[in-house]
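# I need the structure of the sequence given here:
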Amino acid sequence: MKKITFIKKTSLLILLACLILPMPILASENLFYYFDNVNGLNSFKKNYKEIDIVAPQVYEVGYDLKVSTPNSKQKKLLREAKNKDVQVMPLLVNKSFDKVLMSDILINDKAQDEIITFLIKEAEKQEYIGWQFDFENINHLDRVLYTAFVKKAYQKLKAEGLQLSVAVVVRSNDYDPTSKNQDWSSAYEYKNLAVASDFLTLMSYDDPLSVGPTASLPYLNRILDYMLTQAPAEKLSLGIPAYCWQWQDGEKVASVTYKLAQKAYTAANKKTKSKTFDEKLGVEYFKFLRDGVQNEIWCDNARSFEIKDELIAEKGLRGFSVWALGQEDSNIWKYLKTK
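Residues are numbered from 1 along each chain as shown. Prediction:
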């Protein structure tokens, strides 16, 4: 009896300590996307210690319904990641985000089985932790078929100890099959996909209604309010854009890297330029006149990352997914080191 009493008292003390003492905040998972570019490769080499998962866009399903393998240039990143012991979760995409090709994949069970078999063998050969499906521009009438494909792939990959995540285009309201205004988000059955995968990456870039930022805080809060009704927070990774949007005389003209945005601002006439950080929107804003044209560039900088990371913690999300290495404000790495 004395022993039992002692155990009960000890348990009570531990419980009280947990309630009174501050608990450490669990680190969120960060994933950085990569497409073949020199700046991205150099950024990875320099900052790999701050990266949990690198997700290179180097595999695609072609019109022959086969998966293409990385070329010699794309393999440079894969070798770097392996040498530096960084977890790799490559993307698998439909070539050119072709809608008809995607329909062909989804009605062909044999092709699907061959794709999944390839993914398992390739992951084992290259020591990947798994895959992310980044199939986009899917016909909304194929949404059930897509979920079935994901479910089948998840079950087979999981049986081999591999992960499967799914990149999804986001929305802030329910899908309406009768609507004539379908967009890329209409293809995803979020609830079912969350069950049939390890996590979903929310492609919360770009805000289709924005007249400035790529993904402002009000926009993110709006989509998260909805997405959190569709999937558990711990299965959601928030997409963060590393690139900037450039506007000229009120028209969006390009997406540019943070470095190019700074370069353009620095080169502008001092009398015509200004910059600020908009706390409400959570983005940096460059404004300048060039060749008589009013330019505005909106960027997610290091402060944006910090604010969005706080949002991730507040909502209890899995972490964030950044598109893409080589486009970012270099100061984000200083922030990540201090987390």
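# ranges for the helices of this structure?
For the chain, applying DSSP state H gives helices covering 2-20, 38-47, 75-83, 99-106, 109-126, 143-159, 190-195, 217-227, 258-267, 302-315, 332-338.
# mind giving me CSV with those helices and columns for distance to Gln248?
C-beta coordinates here come from the backbone N, C-alpha and C atoms, glycine included. Shown next, in CSV, are the helices of the chain (distance: least, C-beta to C-beta, whole Å):
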stretch, distance to Gln248
helix 2-20, 56
helix 38-47, 24
helix 75-83, 33
helix 99-106, 31
helix 109-126, 42
helix 143-159, 37
helix 190-195, 36
helix 217-227, 22
helix 258-267, 11
helix 302-315, 22
helix 332-338, 27
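# For Leu281, which of those is the nearest?
Across those, Leu281 has its closest neighbour in helix 217-227 (5.9 Å, C-beta to C-beta).
# hmm, back to that, select, out of the helices of the chain, the one closest to Lys66.
Evaluated over those, closeness to Lys66 peaks at helix 109-126, with 7.5 Å, by C-beta to C-beta.
# list the helices and strands that closest one packs on?
Helices and strands touching helix 109-126, by 3 or more C-beta pairs under 8 Å, 6 or more residues apart in numbering; DSSP states H and E, are strand 67-68, helix 99-106, strand 130-133, helix 143-159.
# Can you say which of these is packed in most?
Counting by mean count of other C-beta atoms under 10 Å, strand 130-133 has the highest mean neighbour count of the helices and strands packed on helix 109-126, with a mean of 24.
# Tell me if I'm right that Ile312 and Glu306 touch.
No - with contact defined as C-beta atoms under 8 Å, Ile312 does not count as touching Glu306 (10.7 Å).
# coming back round to it: can you add mean pLDDT and give the helices of the chain back as CSV?
Formatted as CSV, the helices of the chain follow (pLDDT from 0 to 100):
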stretch, mean pLDDT
helix 2-20, 41
helix 38-47, 98
helix 75-83, 98
helix 99-106, 98
helix 109-126, 98
helix 143-159, 98
helix 190-195, 98
helix 217-227, 98
helix 258-267, 98
helix 302-315, 98
helix 332-338, 96
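# So which of those is nearest Ala233?
Nearest to Ala233, of these and by C-beta to C-beta, is helix 302-315 at 5.7 Å.
# just the angle between the closest one and helix 258-267, please?
140 degrees (axes from the mean of the first three to the mean of the last three C-alpha atoms, to 10 degrees).
# Please spell out which residues along helix 302-315 are buried.
302-309, 311-312, 315 (16 or more other C-beta atoms under 10 Å).
# Residues in contact with it: which ones?
With C-beta atoms under 8 Å, 6 or more residues apart in numbering as the test, helix 302-315 has contacts from 25, 28, 217, 220-221, 224, 228, 233, 238, 240, 277, 279, 282-284, 300, 319-320, 329, 331-332, 334-336, 339.
# Can I get it in CSV? Just the C-alpha atoms.
What follows is helix 302-315, C-alpha atoms only, in CSV (Å, rounded to 0.1, in the frame of the first residue of the first chain):
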residue,chain,number,x,y,z
ALA,A,302,11.8,37.0,-43.1
ARG,A,303,9.2,38.9,-41.0
SER,A,304,6.4,37.4,-43.1
PHE,A,305,7.8,33.9,-42.3
GLU,A,306,7.9,34.7,-38.6
ILE,A,307,4.3,35.9,-38.6
LYS,A,308,3.1,32.9,-40.6
ASP,A,309,5.0,30.6,-38.4
GLU,A,310,3.2,32.1,-35.4
LEU,A,311,-0.1,31.5,-37.2
ILE,A,312,1.0,27.8,-37.8
ALA,A,313,1.6,27.4,-34.0
GLU,A,314,-1.6,29.2,-33.1
LYS,A,315,-3.6,26.8,-35.3
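# Now find how far off-centre it is within its chain.
14 Å (C-alpha atoms, centre = their mean, to the nearest Å).
# Repeat that for stretch 240-252.
Mean-position distance between stretch 240-252 and its chain equals 19 Å (C-alpha atoms, centre = their mean).
# per the record, what domains does the protein have?
For the chain, automatic domain parsing gives the domain ranges 27-242+301-338, 243-299.
# winner for burial among those domains?
Comparing the domains of the chain by mean count of other C-beta under 10 Å gives domain 27-242+301-338 as most buried, with a mean of 18.
# show me what contacts Asp207?
So, once contact is read as C-beta under 8 Å, 6+ apart, Asp207 ends up touching 213-216, 219.
# circling back to that earlier point, can I get the helices and strands packed on helix 109-126 in JSON lines with distance to Ser165?
Listed next are those as JSON lines, based on distance: least, C-beta to C-beta, whole Å:
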{"stretch": "strand 67-68", "distance to Ser165": "17"}
{"stretch": "helix 99-106", "distance to Ser165": "18"}
{"stretch": "strand 130-133", "distance to Ser165": "4"}
{"stretch": "helix 143-159", "distance to Ser165": "10"}
